[in-house]
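J.: Model the structure of this input:
(one chain, ligands or ions: 3)
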Amino acid sequence: MDFSVSFSSPLKSYTPFSLSCQLSFHPNAPQLLRFSRNPGIFLRKPPSISRQNNLAIKALQTSNQTKNDDFVLEDVPHLTNFLPDLPSYPNPLQKSQAYSIVKTNFVSPEDVVAQNIVIQKESPRGIHFRRAGPREKVYFKPEEVRACIVTCGGLCPGINTVIREIVCGLNNMYGVQDILGIEEGYKGFYSKNTMSLTPKVVNDIHKRGGTFLRTSRGGHDTHKIVDNIEDRGINQVYIIGGDGTQKGAALIYEEVKKRGLQVAVAGIPKTIDNDIAVIDKSFGFDTAVEEAQRAINAAHVEVESVENGVGIVKLMGRYSGFIAMYATLASRDVDCCLIPESPFYLEGQGGLFEFIEERLKENGHLVIVVAEGAGQEYVAAEVHAAGKKDASGNKLLLDVGPWLSDKIKDHFTKFQKMPINMKYIDPTYMIRAIPSNASDNIYCTLLAHGVVHGAMAGYTGFTVGSVNSKHAYIPIARVTERQKTVKLTDRMWARLLASTNQPSFVASDHERVDKEVSKV
Ligand SMILES: Nc1ncnc2c1ncn2[C@@H]1O[C@H](COP(=O)(O)OP(=O)(O)OP(=O)(O)O)[C@@H](O)[C@H]1O
Ligand SMILES: O=P(O)(O)OC[C@H]1O[C@](O)(CO)[C@@H](O)[C@@H]1O
Ligand SMILES: [Mg+2]
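T.: Ligands and ions are numbered 1, 2, ... in the order given. Sure, this is the predicted structure:
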């Protein structure tokens, strides 16, 4: 008999966890946890930006949802989709001294990576992506490859490692010699000369922060870029950048396809904010969290040494507070973490001022970490300078750090007659500008090699990323359709609230949290 009993966790009555936790218990689960052996396999069409294709995908999705054991492969485009007669060749890795001994040297065409690995007995098998890695056949002769690499958007630790490893991966694994660097982002395609990239040229660049190729915002002109790709005889385009850059890459892929060019367009998602959907995390994120510890530590040392010390550390995170959340959790010296996803308020019961006063009375000091996108609505209401945009059309944020410092200073000096020692630290660009740490270097290497294998195998219009710790080829549209943000109803945020014991500020915001809870 199939039955299940559900208990409410004792944690339910504990505020930080009560938003996210409900345990289910199946007494005879071992026998019951069998899945259908013969799942229906559905290939989902590679996403395209055209409305017609969107409708086709929607129709497929709807039909897929009717069966419990549905298996959906969100496939990436292949050059043979629009160039059916393209010849293929044996992968030169077969003859590589290093790789030929690998037991399963090539990824089977049937290997996929599941988007959700925590599922229930009755739930559909869900969405899968193609596993990244070398294929038995390639669709380019190495001596005919002319690759190019471009970096766009803001900096992030590890960009140089990705550049280095694309160059070295193409050269060492596939014998590709002709690799061009496009300088200063998308506009470099049509306004700059290219530079030649060899393993020797890029040998040391992973030890430096920034991007060896330089970067820019704005300047994406699809036609001019593809004209240039055609004129220069480029047939593999590697594009490193954030959500905006990947949207640009999707347009380049569409234009290449329209013109029927044998050009593989491949993206490597980059953003220090870790706000790219689907992937586990973006490269450089761990390095950023680690470097943020130094600023938090400095703030802590400063405020511990004085009377009523209040430290504020501003960290990056436009719309997503991941760096602030992880840096806070890692440090344990932070008393309060403010992120864009969780609105806060200053005055009154349960507000920030009340909390600061309590902590000062209790400990004599406190440290606040604030993500740059937090509290923008308050700053905007007072500074009256909102609405400016950067060259890419991203909203320019108002500086919440100094605003918050002034507000706290004013409140305690004027109204509480309790002078405080404010120490404000803004390490944002220092964090972004460093080289990646050891584990990010390895992550960058795997991403770079994964993207090279994908392009050589003829995949195009794809991005590479780690999904549940396995590297996969993901349709570009899947990583750009929405930004990943911190979910206030997830356990990670609950862990943070539990560790800092800060106010959750939800009293003022029941409606928003109710909405979040209903989405889970
Ligand atoms: N919707 C879009 N379509 C085409 N190109 C775009 C689009 N959005 C941005 N771009 C281009 O992508 C490049 C980088 O965009 P942007 O400055 O927004 O950085 P990003 O890639 O999102 O990285 P970051 O995370 O640092 O913001 C710019 O050259 C911009 O012109
Ligand atoms: O000042 P810049 O270089 O335009 O970019 C700053 C922005 O870039 C990011 O680092 C994302 O790349 C954001 O966190 C930040 O708001
Ligand atoms: Mg962006």
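J.: Which residue ranges of the stretch 201-350 of the chain form strands?
T.: In the stretch 201-350 of the chain, the segments counted as strands under DSSP state E, counting those that start in this stretch are 236-241, 264-269, 309-315, 336-338.
J.: Throw those strands into TSV and include distance to ligand 1, thanks.
T.: C-beta: built from backbone N, CA, C; applies to glycine. Output for the strands of the stretch 201-350 of the chain, formatted as TSV (distance: least, C-beta to the nearest ligand atom, whole Å):
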stretch	distance to ligand 1
strand 236-241	4
strand 264-269	9
strand 309-315	15
strand 336-338	21
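J.: which SS state does whichever residue of the stretch 1-150 of the chain sits closest to ligand 2 fall under?
T.: Closest contact between the stretch 1-150 of the chain and ligand 2, by C-beta to the nearest ligand atom, is at residue 150 (15.7 Å). Put simply, residue 150 is strand when judged by DSSP: H, G, I helix; E, B strand; the rest coil.
J.: Please convert the strands of the stretch 201-350 of the chain to CSV, extending it with mean neighbour count.
T.: CSV is the format used below for those (neighbours: other C-beta atoms under 10 Å):
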stretch, mean neighbour count
strand 236-241, 28
strand 264-269, 28
strand 309-315, 26
strand 336-338, 25
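J.: partners of the residue of the stretch 1-150 of the chain closest to ligand 2 in the sheet?
T.: Beta-bridge pairing of residue 150 under DSSP bridges involves residue 239.
J.: give the contact list for it.
T.: 181-182, 185-186, 188-189, 213, 237-241 (C-beta atoms under 8 Å, 6 or more residues apart in numbering).
J.: can you do 7 Å?
T.: Going by C-beta atoms under 7 Å, 6 or more residues apart in numbering, residue 150 touches 182, 185-186, 188, 213, 239.
J.: Just the buried residues from those, in ChimeraX please.
T.: Here is the ChimeraX command that picks out the buried ones among the contacts of residue 150, judged by 16 or more other C-beta atoms under 10 Å:
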select :182,185,186,188,213,239
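J.: Redo the contacts of residue 150 as JSON lines? Include pLDDT.
T.: Compiled in JSON lines, those are given as follows (pLDDT from 0 to 100):
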{"residue": "182", "pLDDT": "98"}
{"residue": "185", "pLDDT": "98"}
{"residue": "186", "pLDDT": "98"}
{"residue": "188", "pLDDT": "98"}
{"residue": "213", "pLDDT": "98"}
{"residue": "239", "pLDDT": "98"}
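J.: Pull the contacting residues for residue 171.
T.: Counting by C-beta under 7 Å, 6+ apart, residue 171 makes contact with 177, 199.
J.: what's the answer for the one 3 residues further on, then?
T.: By C-beta under 7 Å, 6+ apart, the contact list for residue 174 reads 92, 142, 456.
J.: Please verify my assumption that the last one contacts residue 136.
T.: Put plainly, it is residue 456. No: shown here, residue 456 and residue 136 do not form a contact pair, counting by C-beta atoms under 7 Å, at 11.4 Å.
J.: which of those two has more neighbours?
T.: Shown here are residue 456 and residue 136; by other C-beta atoms under 10 Å, residue 456 has more neighbours (29 against 15).
J.: Contacts only, for the more buried one.
T.: By C-beta under 7 Å, 6+ apart, residue 456 lies in contact with 138, 140, 174.
J.: wait, which of those is closest to residue 467?
T.: residue 138 (23.6 Å; C-beta to C-beta).
J.: any idea how far the nearest residue to the closest one once chain neighbours are set aside is from residue 399?
T.: Spatial nearest neighbour of residue 138, excluding adjacent residues (C-beta to C-beta, 6 or more residues apart in numbering): residue 456 at 4.5 Å. Distance check for residue 456 against residue 399: by C-beta to C-beta, to the nearest Å, it reads 45 Å.
J.: Likewise for residue 176?
T.: For residue 176, the distance to residue 399 - C-beta to C-beta - is 45 Å.
J.: what about those two, which has more around it?
T.: residue 176 (24 against 12).
J.: Read off the pLDDT value for the closest residue to ligand 2 within the stretch 251-400 of the chain.
T.: Residue nearest to ligand 2 within the stretch 251-400 of the chain (C-beta to the nearest ligand atom): residue 316, separated by 3.5 Å. Here the pLDDT value assigned to residue 316 is 97.
J.: how many neighbours does residue 204 have?
T.: With other C-beta under 10 Å as criterion, residue 204 counts 11.
J.: same question, residue 152
T.: Using other C-beta under 10 Å, residue 152 has 29 other residues around it.
J.: Quickly find the element holding the residue lying farthest from the centre of the chain.
T.: In the chain, the greatest distance from the average C-alpha position (C-alpha atoms, centre = their mean) is reached by residue 417, at 44.5 Å. Using DSSP states H and E, residue 417 sits in no helix or strand.
J.: Can you give me the end-to-end span of stretch 347-356?
T.: Using C-alpha to C-alpha, to the nearest Å, the end-to-end distance of stretch 347-356 comes out at 11 Å.
J.: How far off centre is it?
T.: 33 Å (C-alpha atoms, centre = their mean, to the nearest Å).
J.: what's the answer for stretch 124-142, then?
T.: Worked out by C-alpha atoms, centre = their mean, stretch 124-142 lies 21 Å from the chain centre.
J.: Nearest to ligand 3 within the stretch 401-520 of the chain, name that residue for me.
T.: Ligand 3 sits closest to residue 483 of the stretch 401-520 of the chain, with a gap of 8.1 Å, by C-beta to the ion.
J.: what about residue 388, distance to ligand 1?
T.: With the distance defined as C-beta to the nearest ligand atom, to the nearest Å, residue 388 ends up 14 Å from ligand 1.
J.: ok, that residue - contacts?
T.: For residue 388, counting by C-beta under 7 Å, 6+ apart, the contacting residues are residue 396.
J.: Recalculate using a threshold of 10 Å.
T.: By C-beta atoms under 10 Å, 6 or more residues apart in numbering, the contact set of residue 388 is 395-398.
J.: any idea which helix or strand carries residue 129?
T.: Assigned by DSSP H and E, residue 129 belongs to strand 126-131.
J.: Could you give the average pLDDT over that strand?
T.: 96.
J.: That strand: what's the following helix or strand?
T.: With DSSP H and E, the next secondary element past strand 126-131 is strand 137-138.
J.: Quick one: list the elements packing against that following strand.
T.: Under the contact criterion of 3 or more C-beta pairs under 10 Å, 6 or more residues apart in numbering; DSSP states H and E, strand 137-138 touches strand 89-90, helix 438-456.
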